[in-house]
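> Next comes the sequence, and after it the predicted model I'd like to discuss.
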Amino acid sequence: MLKRTLTAAVLAVAPFAVAAVPQASAFCGFYVGKADTSLFNEASQVILARDGRRTTLSMMNDYKGELTDFALVVPVPVVLKRDDVRVIEKKTFDRLDAYSAPRLAEYFDDDPCAPRPVPAPMASAARDGVKRRGADALGVKVEDSFSVGEYDIVILSAKESDGLETWLVQNGYRIPAGAAPALKPYILQGMKFFVAKVNLKAQAKTGSQFLRPLQFSFDSEKFMLPMRLGMINATGPQDLIVYVLTRQGRVESANYRTMKLPANMDLPTYLRDGKQFTDFYKTMFDQQARRENYKAVFTEYFWDMSWCDPCAADPLSRDELLAAGVTWLPDNAQVQGRRPMPPSSASPVMLTRLHLRYTPASFPEDLVLQETKDRQNFQARYVLRHPWRGSRNACQAAAEYLDGLRQRRDREAQILANLTGWDINDIRRRQSRAPVVTPR
């Protein structure tokens with residue numbers, strides 16, 4: 001969903017499946033970098049919180065241009081009321097992005113000559129007023145109208161897509177020409193339309209240079225992302241990141257292939273440089289998306305939100321989860337960043353982060369989602385293993401370690417070349433020049 005004045009987003013969610021909670025395995029290591037949404041120009045972001053039939057959808061607008069030209073049109077299954085809609089702060093998206101972003105972790109090899117300690121059990125990380133000109137003639141009905149923050153909102157129903165397009169244009173909504181074919185499938189399904197534009201006086205009072213995200217809630221059995229409207233202005237592949245908050249398990253697509261990104265791999269240590277890691281992740285994701293012809297949905301993260309390991313950012317607090325639309329937190333839940341808490345008191349919130357890169361041709365259908373019973377933690381995590389810097393003459397184990405180290409470095413170079421398509425000889429040259437990093 002790149003620069004545009006007509007945008008579409010998620011609709012509703014399927015019933016939850018019930019599953020036992022398996023014991024999480026810890027990764028540990030030092031967190032040293034992440035690859036957040038800033039790597040992908042104008043990636044659209046959506047937060048979807050679902051409990052039973054209740055859906056809370058938050059949309060961050062990526063619109064750039066004159067505010068008088070902004071229009072947001074979202075198909076919704078029911079008529080929304082004023083109490084169903086609110087404006088939230090961008091920081092809610094920033095926190096979820098930082099917490100779930102693909103990450104880089106580093107380890108330091110032990111001295112092969114040192115006595116081997118008896119391994120201790122691994123502890124988990126800290127869990128720690130609308131115009132109505134000719135509406136009847138066009139088959140359009142204004143079901144409701146109200147203002148929220150800097151937005152003027154109308155809820156519409158329509159009988160004909162051409163009539164709806166005409167009504168929007170006549171009433172000052174700057175939508176792309178030829179929107180009717182994209183609107184028609186939703187009208188045939190009997191859906192309503194949430195339509196928002198900016199109230200310039202109210203926007204000026206906020207003091208913000210950006211449009212704040214809109215959040216709305218509704219009840220529905222459906223769990224889908226109506227993407228066709230967002231493709232009207234598409235000139236190339238578009239990126240979409242969806243943060244799905246649920247009680248139970250991992251969320252995936254029901255009508256497109258869902259894949260976990262290649263992860264938990266050892267990579268050359270020169271990627272510790274922040275720019276090198278971001279270049280790697282962008283290139284790797286490009287390669288994966290192209291290999292799937294932009295037809296796949298990629299899982300970047302799935303985790304119990306009461307903790308993380310390694311942490312790219314602190315887990316969200318109770319107030320932050322509430323702001324994201326989580327309504328099922330128990331009254332006595334304690335979700336306070338890194339503060340330790342027993343599993344029995346942790347908030348039952350699971351986060352699935354999905355990343356799509358798609359075109360109108362590769363995603364001809366709206367995205368249908370489903371919650372699974374899978375609760376196996378996953379993160380797009382990449383590992384640097386810094387070598388021990390001693391002499392092979394220190395002990396017999398040192399010579400064996402250094403012989404194995406050469407093979408390990410070659411494997412790391414091969415993995416990086418396979419993931420990115422980069423020249424392996426250049427990778428090896430960079431490996432040889434990698435700076436020495438000492439343990440913390």
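On my side now, so go ahead.
> Contacts only, for the residue lying closest to Gln414 once chain neighbours are set aside.
Closest residue in space to Gln414, ignoring its immediate chain neighbours: Ile424 at 6.8 Å, by CB to CB, 6 or more residues apart in numbering. Placement of C-beta: from N, CA and C, glycine included. Counting by CB atoms under 8 Å, 6 or more residues apart in numbering, Ile424 touches Ala413, Gln414, Ala417.
> I'd like to check which residues are in contact with the last one.
Taking CB under 8 Å, 6+ apart as the contact definition, Ala417 lies against Asp423, Ile424, Ile427.
> For the strand or helix carrying it, buried residues please.
According to DSSP states H and E, Ala417 maps onto helix 396-420. Of all the residues in helix 396-420, those buried under the rule 16 or more other CB atoms under 10 Å are Ala398, Tyr401, Leu402, Leu405, Arg409, Glu412, Ala413, Ile415, Leu416, Ala417, Leu419, Thr420.
> swap in stretch 267-276?
Leu267, Pro268, Thr269, Tyr270, Leu271, Arg272, Gln276.
> Dump the residues you listed into CSV; add secondary structure and pLDDT as well.
Formatted as CSV, the buried residues of stretch 267-276 follow (DSSP: H, G, I helix; E, B strand; the rest coil; pLDDT from 0 to 100):
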residue, secondary structure, pLDDT
Leu267, strand, 96
Pro268, coil, 96
Thr269, helix, 95
Tyr270, helix, 95
Leu271, helix, 95
Arg272, helix, 91
Gln276, helix, 93
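> how about the residues you listed in JSON lines, adding distance to Thr37?
Below are the buried residues of stretch 267-276 laid out as JSON lines (distance: CB to CB, whole Å):
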{"residue": "Leu267", "distance to Thr37": "22"}
{"residue": "Pro268", "distance to Thr37": "25"}
{"residue": "Thr269", "distance to Thr37": "26"}
{"residue": "Tyr270", "distance to Thr37": "25"}
{"residue": "Leu271", "distance to Thr37": "20"}
{"residue": "Arg272", "distance to Thr37": "22"}
{"residue": "Gln276", "distance to Thr37": "19"}
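> Return the member of these nearest to Ser38.
Gln276 (16.1 Å; CB to CB).
> got a list of what that closest one touches?
Contacts for Gln276 (CB under 8 Å, 6+ apart) come out as Tyr270.
> Check the gap between it and Leu316 for me.
Going from Gln276 to Leu316 by CB to CB, to the nearest Å gives 29 Å.
> Lys295 too?
32 Å.
> higher neighbour count, the two?
Between Lys295 and Leu316, Leu316 has the larger neighbour count (other CB atoms under 10 Å), namely 26 against 16.
> Show me the helices in this protein, by range?
For the chain, applying DSSP state H gives helices covering 91-100, 135-138, 161-170, 180-188, 200-206, 274-291, 318-323, 396-420, 424-432.
> list the helices and strands the second one packs on?
Packed against helix 135-138, as judged by 3 or more CB pairs under 8 Å, 6 or more residues apart in numbering; DSSP states H and E, are the following elements: helix 161-170.
> Could you check the angle the helix it packs on makes with helix 180-188?
Angle, helix 161-170 to helix 180-188, by axes from the mean of the first three to the mean of the last three CA atoms, to 10 degrees: 110 degrees.
> Just the buried residues of helix 161-170, please?
Of the residues in helix 161-170, Ser161, Gly163, Leu164, Glu165, Thr166, Trp167, Leu168 count as buried by neighbour count, 16+ other CB under 10 Å.
> Next up, the contacts around the third one.
It refers to Leu164. Contacts of Leu164 by CB under 8 Å, 6+ apart are Leu138, Gly139, Val140, Leu156, Ala158, Ala180, Leu183, Ile187, Phe193.
> List buried residues within those.
Leu138, Gly139, Val140, Leu156, Ala158, Ala180, Leu183, Ile187, Phe193.
> Just put those in a markdown table and tack on pLDDT.
Formatted as a markdown table, the buried ones among the contacts of Leu164 follow (pLDDT from 0 to 100):
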| residue | pLDDT |
| --- | --- |
| Leu138 | 87 |
| Gly139 | 92 |
| Val140 | 94 |
| Leu156 | 95 |
| Ala158 | 94 |
| Ala180 | 87 |
| Leu183 | 91 |
| Ile187 | 92 |
| Phe193 | 93 |
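> which one of those is nearest Val76?
Using CB to CB, these come closest to Val76 at Phe193, 7.1 Å.
> State the distance from that closest one to Asp314.
38 Å.
> closest to Trp328 among the buried residues of helix 396-420?
Using CB to CB, the buried residues of helix 396-420 come closest to Trp328 at Leu419, 38.2 Å.
> now Val46, which residues is it bridged with?
Beta-bridge pairing of Val46 under DSSP bridges involves Met59, Val242.
> returning to what we had before: going by distance to Arg174, which of the buried residues of stretch 267-276 wins?
When the buried residues of stretch 267-276 are compared for distance to Arg174 (CB to CB), Gln276 wins out at 41.8 Å.
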